[in-house]
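Enquirer: Mind looking at a prediction? Sequence and model below.
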Amino acid sequence: MNVKAASQKSGNMQRQKRINKTLLLLLLISIGILIIVPLLWMLSTSFKPKSQWFLPEVYWIPKTFTWENYEKILNNDTLPIARWFLNSLLLSGTITFFILVVDSLAAYAYARMEFPGRRPLFALLLATLFLPGVMFLVPNFLTIARLGWLNNYLGVITPALAGVFGVFFMRQFFESLPIELEEAAQIDGATQFQIFTKIALPLAKPALATLGIITFLGSWNDFLWPLLILKDRALLTLPPGLRTLQGAYTSEYGQMMAGAAITAVPVLLLYIILQKYIVESVQTTGLKG
Amino acid sequence: MTAAGKAEKRTLLQPHKRTGNPIVPYLFVAPHLLFFMVFVGYPFFYGLYISFFQYDFLRPDATNFVFLENYAKLFTPDSVQFPVFWNALGNTVEFVFLSVPPLIIIPLILAVLLNTKVPGRNFFRGIYFAPWVLSAAVVGLLGFWMFQSQGGLLNYYLIQMGIEAPRWLSSMPWAWVSILLITIWWTVGFNMIIILAALQDIPAHLYESAAIDGANSWRQFVSITIPLLRPVMVFVTVITIIASFNLFAQPFFMTGGGPAQASGGGATEPVMLRIYREGFERNQLGTAASMSFLVATIMILFSYTNFRLFRTRE
């Protein structure tokens, strides 16, 4: 084979590679558009006046841009969506805070402390990890009813704190820390609680952040449990609120999409800011879970 | 980690003579354990107990101990519950069979495409995963609007292309197709990033030496990628089956479980929606508990079988 033919061949291969790369890029972009379309359509509809919802042609950009869908749902006393937004924020924040406290305390003991009952207790937690949520629906609803916590945030918060995932996640992290620092503190006379708060917890910040983000997302998005527990419209969170919205605004799609956008945009913004973090935490917890 | 490595790494802090207090560990675990016992441990038994009662939430005085009658109802063809329960369970199983193949294959393809040196791959990964951060309620409401016959986005384009558009949400099989499509849109990114993480863990030198041996990319994919991906694919399959089994919000928002069937029950009503309606719309918590227990048993048996299979192969 002469030199010219060889260089032509490698030139061909290079061209082929470039073409492949371009095709791949085009494919990835098309899939990306498919993924984004429903979200854009949601926003687009939410800014359209009613006269443009059912036009026989697609207008991605509203012919006349309007805030009226948002105004309507924000100024409706029977469907207080601004209140729902605050409720969601408050409730998700509270659940996240208490899960971080309760789970890291328990996880630290299971990771670092020797006490009678440690192994069987932990095995018990582990055994429940694979129990399907459906079996807890009826009995927990009745427990909450008997405690008088129907229509009360305690009825949403307390069952959320019973989960075992956070305990596993934090325990795994605590065990991965080098024990020498904690031993040194112990020799210096620190109590177990001091070692936990002054040494272990500060080192666990990345894990706490990961667990915090996942917990917050999960609580913000939770639909079925708050739907069962919260009946009073003023107390609803956004996801069950959307159900009420769907029922109240029959075929008022602009208002429905405005409600969906109010629920979706905060988590999407959170996702854009913390994307790398969220993706990585799902990858690690997904693989271990 | 090797056994020796494991033995070397100490994880337990020995209690200190002066500062160690045997009560302290219990104080650490107590808050979580309290919630756990009340909302996980206790309901495990309480749920079974309730399923032995005829129990109307709005008429607690009329509560009756009926023992296994609630279960018998589920197996007696002329009971109120029999046709709707089995219809719904059948629907859920059908959805599992319909949804799991695309929810495995599409993410695998996407992950392989993104595991190349294509520019902007993190950007694409970010876009594909984005719908997963949304609430099921948002997804359901979006699907409800996208698939409307009047004004729905899909029908615009279908009509433009001269295709006669079906009534997506109120006719079969299109109601299922709508639910399936919106579910794929919602969760495809989750499976993708898990598979992608596993792909990125495959050492590059394996491909390099295969390339030196003259293996083309398809051959490399079949002989290296697929076998090394097996554990994660099994894992993704299992969690996807469980997730599909839990289908609830999409039909709840989009079809209401309909369209109705002559034989009773809705054509897209999944078993979770049936349990919700039995327990929280009809207020029959006893029968709802028995349905839950039966469904949970099926799911546990399934998980256990998978766990065993998974164990013995590894």
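Expert: All right, it came through fine. Numbering: from 1, shown residues only, chains lettered A, B, ... in the order given.
Enquirer: Show me where chain B dips below the pLDDT cut-off.
Expert: Counting by pLDDT under 70, the low-confidence segments of chain B come to B:1-9, B:15-20, B:311-314.
Enquirer: Excluding sequence neighbours, find me the nearest residue to the residue nearest the centre of chain B.
Expert: The residue lying closest to the centre of chain B (CA atoms, centre = their mean) is residue B:243, at 0.3 Å. Spatial nearest neighbour of residue B:243, excluding adjacent residues (CB to CB, 6 or more residues apart in numbering or on different chains): residue B:187 at 6.9 Å. Backbone N, C-alpha and C define where each C-beta goes, glycine included.
Enquirer: elements contacting the helix or strand containing that neighbour?
Expert: For residue B:187, the element it lies in under DSSP states H and E is helix B:174-200. Contact analysis of helix B:174-200 by 3 or more CB pairs under 8 Å, 6 or more residues apart in numbering or on different chains; DSSP states H and E lists helix A:3-46, helix A:275-288, helix B:81-114, helix B:121-129, helix B:136-146, helix B:226-245, helix B:249-254 as its packing neighbours.
Enquirer: Next, the buried residues of it.
Expert: Of the residues in helix B:174-200, those buried by neighbour count under the rule 16 or more other CB atoms under 10 Å in any protein chain shown are B:174-176, B:178-183, B:185-199.
Enquirer: do the same with stretch B:292-312
Expert: For stretch B:292-312, the neighbour count (16+ other CB under 10 Å) marks B:292-296, B:298-299, B:302-303, B:306 as buried.
Enquirer: For chain A, tell me which of those show up nearby.
Expert: Restricting these to those near chain A by CB under 8 Å from any CB of the partner chain leaves B:292-293, B:295-296, B:299, B:303.
Enquirer: Quick check, pLDDT for the spatially most central residue of chain A.
Expert: Among the residues of chain A, the smallest C-alpha distance to the mean C-alpha position (CA atoms, centre = their mean) belongs to residue A:217, namely 2.1 Å. Among the per-residue scores, residue A:217 shows a pLDDT of 91.
Enquirer: and what of the one 3 residues further on?
Expert: At residue A:220 the predicted local distance difference test score is 93.
Enquirer: so it touches residue A:92, yeah?
Expert: Yes. Under the contact definition of CB atoms under 8 Å, residue A:220 touches residue A:92, with a separation of 4.5 Å.
Enquirer: Report how many residues lie close to residue 117.
Expert: Picked chain A for this. The criterion is other CB atoms under 10 Å in any protein chain shown. On that basis, residue A:117 has 11 neighbouring residues.
Enquirer: wrong one, chain B
Expert: The criterion is other CB under 10 Å. On that basis, residue B:117 has 7 neighbouring residues.
Enquirer: returning to that earlier point: can you give the distance from the helix holding residue B:187 to the centre of its chain?
Expert: Its chain's C-alpha centre and that of helix B:174-200 lie 11 Å apart, by CA atoms, centre = their mean, to the nearest Å.
Enquirer: tilt between the helix or strand just after it and helix B:226-245?
Expert: On the C-terminal side of helix B:174-200, the closest following helix or strand by DSSP H and E is helix B:204-212. Interaxial angle of helix B:204-212 relative to helix B:226-245 (axes from the mean of the first three to the mean of the last three CA atoms, to 10 degrees): 120 degrees.
Enquirer: I'd like to know which elements helix B:204-212 is packed against.
Expert: With contacts defined as 3+ CB pairs under 8 Å, 6+ apart, helix B:204-212 has these neighbours: helix B:217-220.
Enquirer: Can you confirm whether the helix it packs on lies near chain A?
Expert: No. In terms of CB under 8 Å from any CB, no part of helix B:217-220 sits within range of chain A; the closest distance is 10.4 Å.
Enquirer: buried stuff in that helix?
Expert: Along helix B:217-220, the positions that meet the burial threshold by neighbour count (16+ other CB under 10 Å) are residue B:220.
Enquirer: got the contact list for that helix?
Expert: Under the contact criterion CB atoms under 8 Å, 6 or more residues apart in numbering or on different chains, helix B:217-220 has outside partners B:207, B:210-211.
Enquirer: please redo it, this time with the cut-off set to 6 Å
Expert: B:207, B:210 (CB atoms under 6 Å, 6 or more residues apart in numbering or on different chains).
Enquirer: Show me how far it is from its chain's centre.
Expert: On CA atoms, centre = their mean, the centre of helix B:217-220 falls 32 Å from that of its chain.
Enquirer: One more: stretch B:80-93?
Expert: 19 Å.
Enquirer: what sits up against that stretch?
Expert: Residues outside stretch B:80-93 that contact it (CB under 6 Å, 6+ apart): B:73-74, B:76, B:264-265, B:269-271, B:274, B:287, B:291.
Enquirer: now do 10 Å
Expert: By CB atoms under 10 Å, 6 or more residues apart in numbering or on different chains, the list of residues contacting stretch B:80-93 from outside reads B:70, B:73-77, B:79, B:176, B:244-248, B:251, B:257, B:261, B:263-275, B:277-278, B:282, B:284, B:287-288, B:290-291, B:294-295, B:298.
Enquirer: mind listing what residue 121 touches?
Expert: Going with chain A. Neighbour list for residue A:121: A:106, A:109-110, A:115, B:26, B:29, B:33, B:36 [criterion: CB under 10 Å, 6+ apart].
Enquirer: that answer is for a different chain, and I need it for chain B
Expert: Residue B:121 touches A:28, B:113-115, B:196, counting by CB under 10 Å, 6+ apart.
Enquirer: Just put the residues you listed in TSV and tack on distance to residue B:215.
Expert: Conversion of the contacts of residue B:121 to TSV gives the following (distance: CB to CB, whole Å):
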residue	distance to residue B:215
A:28	25
B:113	20
B:114	22
B:115	17
B:196	22
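Enquirer: does residue 171 count as helix, strand or coil?
Expert: With no chain named, the answer covers chain A. Reducing the assignment at residue A:171 to three states with DSSP: H, G, I helix; E, B strand; the rest coil gives helix.
Enquirer: try chain B instead
Expert: The three-state label for residue B:171, taken from three-state DSSP, comes out as coil.
Enquirer: can you list the weak-confidence ranges in the stretch 1-150 of chain A?
Expert: In the predicted model of the stretch 1-150 of chain A, residues A:1-7, A:9, A:56 satisfy pLDDT under 70.
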